[in-house]
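A.B. asks: coordinates only, sequence not included:
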């Protein structure tokens with residue numbers, strides 16, 4: 001014979017009665033706006049609704065309830081209610097909270113972008129009177145859709161001639177060759193294996209050991225930049241030490257944010273890449289190409305895709321600058337913090353789609369992290385406006401849109417499409433992919449409706465200008481690697497990523 005505590009109740013069974021969905025709750029909902037993107041909500045459930053839920057719960061429970069001294073389902077109603085009151089009360093509380101939250105969301109009193117924030121354990125269902133609880137929730141700001149038709153835009157057009165393709169091919173070969181140690185002074189584009197001791201006012205801050213850095217003018221760390229790396233280390237030899245200056249990002253989570261620190265570079269080894277002749281074996285190693293012409297065609301295709309990406313990115317900047325001119329909403333700090341990595345993931349997906357390599361993407365990641373808060377706030381404002389335009393135009397991705405995006409990422413990563421899809425779903429990035437598709441479509445429509453003037457642009461190919469180190473100069477413990485949009489086993493992705501993006 002079971003005791004009351006032996007009977008387990010499924011809270012989901014209390015959300016329906018007789019196989020039918022419950023009628024809506026009679027709620028009193030008070031919504032305050034402490035911030036543009038934050039709502040404080042007080043929900044009051046009348047006593048009559050609590051009693052309705054109690055009746056339904058005990059009606060469902062009674063036929064199977066077992067109370068000591070009575071056969072199953074034969075105990076008096078009052079005894080069942082006393083025996084199971086605490087258990088049913090907790091279940092009713094859960095049902096009322098879940099149903100009321102669902103109803104408030106369905107009624108679209110606001111457009112939520114996060115989960116309700118409240119202490120569920122602190123909520124109690126009263127013995128008498130109405131049931132009241134409260135929560136805060138992050139929401140999309142309310143604003144009038146800006147006029148997006150007839151914008152004046154400048155479209156930058158890059159010229160990809162044979163010389164550009166040849167230069168890119170040489171960089172591709174260079175990236176595929178393991179550098180060999182040399183004796184003698186280092187020169188531009190050599191690879192230095194170094195240890196670096198970072199200091200401020202003579203006090204040690206952090207040390208990184210045995211990291212390879214290409215000898216180029218500008219080197220970025222996760223939280224800082226050395227603008228004169230080549231000037232300082234040109235001609236350095238194995239065993240030498242030289243001092244660099246690193247400007248720490250003003251957005252670094254550290255007391256030295258916005259200041260300069262010193263770095264003593266100890267050169268462990270100097271290596272150089274000697275480019276090989278393009279043989280059948282080299283073509284096969286680069287991705288199974290059967291001829292040099294096929295390889296060059298592939299490189300040109302990816303250069304074109306990357307040029308298109310830069311063109312669209314510049315158009316996007318102009319569009320967003322115009323549309324967000326008056327979007328000065330206050331954004332909750334926790335929202336910005338939480339969205340920072342998601343924005344990085346979205347951008348990495350976009351870069352992957354357009355054929356950029358890990359090295360190129362790391363440059364973007366370093367730059368983005370050094371200006372994380374400002375760039376995330378800008379991205380959120382941009383997203384809210386583009387999303388509202390998409391809703392006005394009823395734009396939503398179709399299944400084939402997802403298939404197309406996944407196909408492109410798979411091609412660049414030399415991975416099966418099903419594996420790419422599974423990874424995106426597992427890491428929760430399908431939502432980022434959806435936003436990417438929607439925003440691109442909105443931007444295309446805005447561009448089509450704009451007054452666009454073409455102008456020649458310098459090709460954004462300066463791979464010998466900047467090198468990105470995936471470590472912190474300050475030793476800040478954070479994920480410095482490329483976010484989860486990174487894929488392994490890249491073969492043709494190497495050729496696809498032959499053209500880095502750099503920031504002058």
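C.D. replies: Done, it's in. Computed from a predicted model, the values in this text were never measured in an experiment.
A.B. asks: could you chop the chain up by domain?
C.D. replies: Using automatic domain parsing, the domain ranges for the chain come out as 4-138, 152-173+278-465+477-496, 178-272.
A.B. asks: quick check: what element follows the strand or helix carrying residue 51 along the chain?
C.D. replies: Counting by DSSP states H and E, the element that carries residue 51 is helix 47-61. Counting by DSSP H and E, the next helix or strand C-terminal to helix 47-61 is helix 77-106.
A.B. asks: for that following helix, the distance to its chain's centre please.
C.D. replies: 38 Å (C-alpha atoms, centre = their mean, to the nearest Å).
A.B. asks: for that helix, buried residues please.
C.D. replies: 80-81, 83-84, 87-89, 91-97, 99-101, 103-104 (16 or more other C-beta atoms under 10 Å). For the C-beta atoms, the positions are set from N, CA and C on the backbone; glycine is no exception.
A.B. asks: for residue 120, what are its contacts?
C.D. replies: residue 97 (C-beta atoms under 8 Å, 6 or more residues apart in numbering).
A.B. asks: before we move on, back to that, got JSON lines for the domains of the chain, with mean pLDDT and distance to residue 146 too?
C.D. replies: As requested, those are arranged in JSON lines below (pLDDT from 0 to 100; distance: least, C-beta to C-beta, whole Å):
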{"stretch": "domain 4-138", "mean pLDDT": "78", "distance to residue 146": "16"}
{"stretch": "domain 152-173+278-465+477-496", "mean pLDDT": "81", "distance to residue 146": "5"}
{"stretch": "domain 178-272", "mean pLDDT": "94", "distance to residue 146": "28"}
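A.B. asks: how many neighbours does residue 53 have?
C.D. replies: 24 (other C-beta atoms under 10 Å).
A.B. asks: for it, give its distance to residue 134.
C.D. replies: The gap separating residue 53 from residue 134 is 20 Å, by C-beta to C-beta, to the nearest Å.
A.B. asks: what's the longest helix in the chain?
C.D. replies: In the chain, with assignment by DSSP state H, the single longest helix is helix 292-323.
A.B. asks: any buried residues in it, and which?
C.D. replies: Under 16+ other C-beta under 10 Å, the buried positions of helix 292-323 are 295-296, 298-300, 302-303, 305-307, 309-316, 318-320, 322-323.
A.B. asks: how far does that helix sit from its chain's centre?
C.D. replies: 21 Å.
A.B. asks: immediately after it, which helix or strand?
C.D. replies: Assigned by DSSP H and E, the successor of helix 292-323 is helix 333-353.
A.B. asks: touching, residue 220 and residue 365? I think so.
C.D. replies: No. Judged on C-beta atoms under 8 Å, residue 220 makes no contact with residue 365 at a distance of 9.5 Å.
A.B. asks: got any residues that touch both of the two?
C.D. replies: Common neighbours of residue 220 and residue 365 are listed as residue 468 (criterion: C-beta under 8 Å, 6+ apart).
A.B. asks: and the strands in the stretch 351-500 of the chain?
C.D. replies: 451-457, 466-468 (DSSP state E, counting those that start in this stretch).
A.B. asks: in a markdown table: those, plus distance to residue 259 and mean neighbour count.
C.D. replies: Listed next are the strands of the stretch 351-500 of the chain as a markdown table, based on distance: least, C-beta to C-beta, whole Å; neighbours: other C-beta atoms under 10 Å:
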| stretch | distance to residue 259 | mean neighbour count |
| --- | --- | --- |
| strand 451-457 | 35 | 11 |
| strand 466-468 | 21 | 25 |
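A.B. asks: looking at those strands, which is closest to residue 382?
C.D. replies: strand 451-457 (19.6 Å; C-beta to C-beta).
A.B. asks: the closest one: how far from the chain's middle?
C.D. replies: How far strand 451-457 lies from its chain's middle: 31 Å, per C-alpha atoms, centre = their mean.
A.B. asks: direction included, what does it pair up with?
C.D. replies: Take DSSP bridges as the rule and strand 451-457 pairs in its sheet with strand 152-158 (parallel).
A.B. asks: for the strand it pairs with, which outside residues touch it?
C.D. replies: 307, 310-311, 314-315, 318-319, 447, 450-460.
A.B. asks: and what of stretch 94-108?
C.D. replies: So stretch 94-108 is contacted by 11, 14-15, 22, 24-25, 27, 29, 41, 43, 45, 49-50, 53, 112, 116, 120, 123, 125, 131, 133 (C-beta under 8 Å, 6+ apart).
A.B. asks: roughly how far out does that stretch sit from the chain middle?
C.D. replies: Centroid separation for stretch 94-108 versus its chain: 29 Å, with C-alpha atoms, centre = their mean.
A.B. asks: next, count neighbours for the nearest residue to residue 248 once chain neighbours are set aside.
C.D. replies: Excluding the flanking residues, the one nearest residue 248 by C-beta to C-beta, 6 or more residues apart in numbering is residue 224, at 4.5 Å. Look at residue 224: counted by other C-beta under 10 Å, it has 27 neighbours.
A.B. asks: thanks a lot, catch you later.
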